[in-house]
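Asker: have a look at this prediction, sequence included:
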Amino acid sequence: MMRYVNDELILKGNTPEEDSREMSLVTLVDKAHREWMQAKAYFEEVDDPDLVDHAIYAMEAAEKKYIYLLKLARKENVIDEKTYQAQQSGLV
């Protein structure tokens with residue numbers, strides 16, 4: 001499982017509110033990643049032709065949400081460039 005936050009947050013001189021927001025964003029990224037993995041697993045298990053379109057939609061929506069939150073975390077410097085690149089390369 002991904003872990004983006006470590007002692008570095010404390011060293012940045014953040015206020016408790018900023019740390020809380022960053023932790024919340026990390027939590028959202030982790031949750032979005034889990035949702036995407038669950039949607040992929042659902043797609044791989046669907047055998048009813050009527051549910052294939054739904055599974056594809058759910059998987060693509062979950063992936064877009066994850067990518068959006070990952071980019072937002074990078075923009076707000078919650079994750080570093082190295083972590084971002086590693087996660088992006090894992091999307092392929």
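Answerer: Cool, got the structure.
Asker: could you look up the SS state of Val52?
Answerer: When classified by DSSP: H, G, I helix; E, B strand; the rest coil, Val52 comes out as helix.
Asker: run through this protein and note the low-pLDDT ranges.
Answerer: 1-22, 81, 84, 90-92 (pLDDT under 70).
Asker: rerun at 90
Answerer: Scanning the chain for pLDDT under 90 picks out 1-26, 73-92.
Asker: center of it, which residue is that?
Answerer: Val29 (3.2 Å; CA atoms, centre = their mean).
Asker: correct me if wrong: that one contacts Lys71.
Answerer: No. Val29 is not in contact with Lys71 according to CB atoms under 8 Å; the separation is 9.9 Å. (C-beta placed from N, C-alpha, C; glycine too.)
Asker: so which strand or helix has the closest residue in space to Ala32 that isn't next to it in sequence?
Answerer: Excluding the flanking residues, the one nearest Ala32 by CB to CB, 6 or more residues apart in numbering is Tyr66, at 4.1 Å. Assigned by DSSP states H and E, Tyr66 belongs to helix 49-75.
Asker: packing partners for that helix?
Answerer: Counting contacts by 3 or more CB pairs under 8 Å, 6 or more residues apart in numbering; DSSP states H and E, helix 49-75 is packed against helix 16-45, helix 81-89.
Asker: for those, give me CSV that also has distance to Tyr57.
Answerer: Compiled in CSV, the helices and strands packed on helix 49-75 are given as follows (distance: least, CB to CB, whole Å):
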stretch, distance to Tyr57
helix 16-45, 9
helix 81-89, 23
